[in-house]
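> Just a sequence and a predicted model for now, questions to come.
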Amino acid sequence: MSAGAVTGRLTTSDGWPLPGGTLTAIDGAGAQRGRATAREDGGFVLDGLAPGSYTVIVAAAGHEPAARTVVVPAGAPASMGVLALPRVGGRVLPTPGTWVIDPVHSSIRASALHLGMSRIHGRLRRFSGQIQVADPLENSSVEVVIDPAAVDSDDPTRDEHLRSPDFLDVAAYPEIRYKSDGLHRLSAEHWRVDGVLSLKGVSAPVALDVTYHGSGPDMFGGTRAAFSATAEVSRDDFAISWNQSLLAGVLAIGRTLRIDIDIQAALS
């Protein structure tokens, strides 16, 4: 009888590989029939298995274990696809209190369509803020202050243009602010934050699509929590209307900005 195998890839819940994670195949009688370790890219091969049904026990340090059932055919691999493990504590909501955003381990990035074909990217490198976690969590709030003069698109000439009145007009408007006014739970790890963005003298509603990545201890005896968020912002809503029209009506810079945020905050 030909031996079969189980293949797949082991990752974190947000798609990063989990090298060194272990996968153990248990048969219907409870006996261990195979064991494998995930490679650097998270891929694994559990081979030498006789055809039949198995329970695969998946484990990785710092992540919640899981069990999956798979049927191995004769002489052919059975794919388990991507096995995503949430980190330990990832499902536990953050402790009520004040969480101060750590800008060194956080980022705010913006991208826009260029010439209707590709994207250009920039970062806002100086910001501060805090998250007030309440009980119930729906009463929580967040407020962030950003220095628009710290815009960085990896091109000094373009950055000077972004600081000018054509775009951010940092001399007249030295701060960008975001303040939430509502929080809505979509799932255990997925939330929508409603709030108001104040930019270039204009305040308009902007919703953030937020994913909570868990909380846990840091290296200094404190507690950290991690979040990521995305939003789409129309430049026209904030009087940032500079553009150049090319042939066929294609704009040099798209009117919609995609905002990508990664936040690590410390409980104060």
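Perfect, I can see it now.
> so where's the stretch 1-150 of the chain uncertain?
1-2, 89-91, 115-117 (pLDDT under 70).
> so what's the most centrally placed residue in the chain up against?
The centre of the chain sits closest to Ser228, judged by Cα atoms, centre = their mean, with a distance of 4.1 Å. The contact partners of Ser228, taken as Cβ atoms under 8 Å, 6 or more residues apart in numbering, are 14, 210-211, 213, 260-263. The C-beta positions use only the backbone N, C-alpha and C, and glycine is treated the same way.
> Give me the buried entries from the residues you listed.
Buried members of these, scored by 16 or more other Cβ atoms under 10 Å, are 210-211, 213, 261, 263.
> other SSEs contacting the helix or strand containing Val196?
In this structure, Val196 sits in strand 190-199 according to DSSP states H and E. Here strand 190-199 touches strand 176-185, strand 202-217, going by 3 or more Cβ pairs under 8 Å, 6 or more residues apart in numbering; DSSP states H and E.
> about what we covered before: which members of the buried ones among the contacts of Ser228 are the farthest-apart pair?
His213 and Ile261 (12.2 Å; Cβ to Cβ).
> doesn't Gly129 make contact with Val142?
Yes. Assessed by Cβ atoms under 8 Å, Val142 is found in contact with Gly129 at 6.7 Å.
> The two: who's more crowded?
Higher neighbour count among Val142 and Gly129: Val142, with 23 against 19, using other Cβ atoms under 10 Å.
> Out of the contacts of Ser228, which comes closest to Thr7?
For the contacts of Ser228, the nearest to Thr7 is Asp14 (21.9 Å; Cβ to Cβ).
> nearest spatial neighbour of the closest one, skipping sequence neighbours?
Nearest non-adjacent residue to Asp14, counting by Cβ to Cβ, 6 or more residues apart in numbering: His213, 6.6 Å away.
> With Leu23 instead?
That would be Ala36: by Cβ to Cβ, 6+ apart, it lies 4.9 Å from Leu23.
> how close does the one you found sit to Pro19?
Ala36 is 12 Å from Pro19, where distance means Cβ to Cβ, to the nearest Å.
> Repeat that for Ala31.
Counting by Cβ to Cβ, the separation of Ala31 from Pro19 is 27 Å.
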